[in-house]
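Chemist: with the input below, show me the fold.
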Amino acid sequence: MWSFLIASITASIAISASLNVLLRLRLKPVSLGPVPALHSLAISLLSATIFAGMLASSVDEIRDTRWFWQLNKTPFQWLLCFPLGTRPSGRVFFWSYAFYLSRFLHILRTFFTLLRRPGSFSVFQVINHAALVLMSYLWLEFSQSFQVLAILSMTVAFALVYAFRFCTEVGLKQETRRFSFVMLCRIALVVTNTAWHVGLLVLHFWKGGCNDMGAWLFNTVLNSFVLLLILNFYEKGAMIV
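Modeler: Numbers count the residues shown, from 1 in each chain. The predicted structure follows:
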């Protein structure tokens, strides 16, 4: 799994950089027809499916396992803080694995952007996609706490953003409104994920430990780096959405 992850991320970065060089020589956009619109529709529907599956599985897991929880533990606390020793198996982690695989479908958008707009290579977009693939794998591999809430938040945002992109690409929405809507979803996602991180940290010290805080620390650093990139590119007005 690690070799596949590293090879996939490396290949996506190499292909993006190669396409950027080749298309700079061409200087003409490549017509993709309905492919980008279909891609946006597929991601929106897939994200909605993962959201529904994760939500239903979490409800079932809470119902079936709550009987041996501590009396002072609530379902929300379980969503934020997995018990120590939790293994990545069962229905919740099935949807976590589906979310991880769905991240590779998102990477295709970078290639579409390069083909349609030669010379528009975005370091932010490439790094952002690679970072999300890595983070989703770490959530699954190490049974990281709070991943259920993070996946629910992200799949809602992706379902909305890519549904809006689909409407834009087929002419149902104005192109000029896309940037503000996508940024609004990004900001909402950053705020909710920050809340999950803070909640996890509080429960970790208050309730005697949450599963896999090592991966949480790595993800926090990675999230901070991506957030700095977002702010930097937004300030320069150079973000490709």
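
Chemist: residue contacts, the residue nearest to E169 when sequence neighbours are not counted?
Modeler: Closest residue to E169 apart from its sequence neighbours, by C-beta to C-beta, 6 or more residues apart in numbering: A37 at 4.0 Å. In short, each C-beta sits where N, CA and C put it, glycine included. Residues in contact with A37 (C-beta atoms under 8 Å, 6 or more residues apart in numbering) are F166, E169, V170.

Chemist: residue ranges in the protein under the pLDDT threshold?
Modeler: Applying pLDDT under 70 to the chain flags the ranges 26-27, 67-73, 119-123, 173-179, 226-227, 229-241.

Chemist: if you set the cut-off to 50 instead, what comes out?
Modeler: Filtered on pLDDT under 50, the chain yields the residue ranges 237-241.

Chemist: what segments of it are helices?
Modeler: 2-26, 35-65, 75-80, 91-116, 123-141, 147-169, 178-206, 213-236 (DSSP state H).

Chemist: so the fifth one versus helix 147-169, what angle?
Modeler: Orientation of helix 123-141 against helix 147-169 (axes from the mean of the first three to the mean of the last three C-alpha atoms, to 10 degrees) gives an angle of 140 degrees.

Chemist: packing partners of helix 123-141?
Modeler: Applying 3 or more C-beta pairs under 8 Å, 6 or more residues apart in numbering; DSSP states H and E, one finds that helix 123-141 contacts helix 2-26, helix 91-116, helix 147-169, helix 213-236.

Chemist: redo those as JSON lines? Include distance to T192.
Modeler: Output for those, formatted as JSON lines (distance: least, C-beta to C-beta, whole Å):
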{"stretch": "helix 2-26", "distance to T192": "25"}
{"stretch": "helix 91-116", "distance to T192": "16"}
{"stretch": "helix 147-169", "distance to T192": "5"}
{"stretch": "helix 213-236", "distance to T192": "12"}
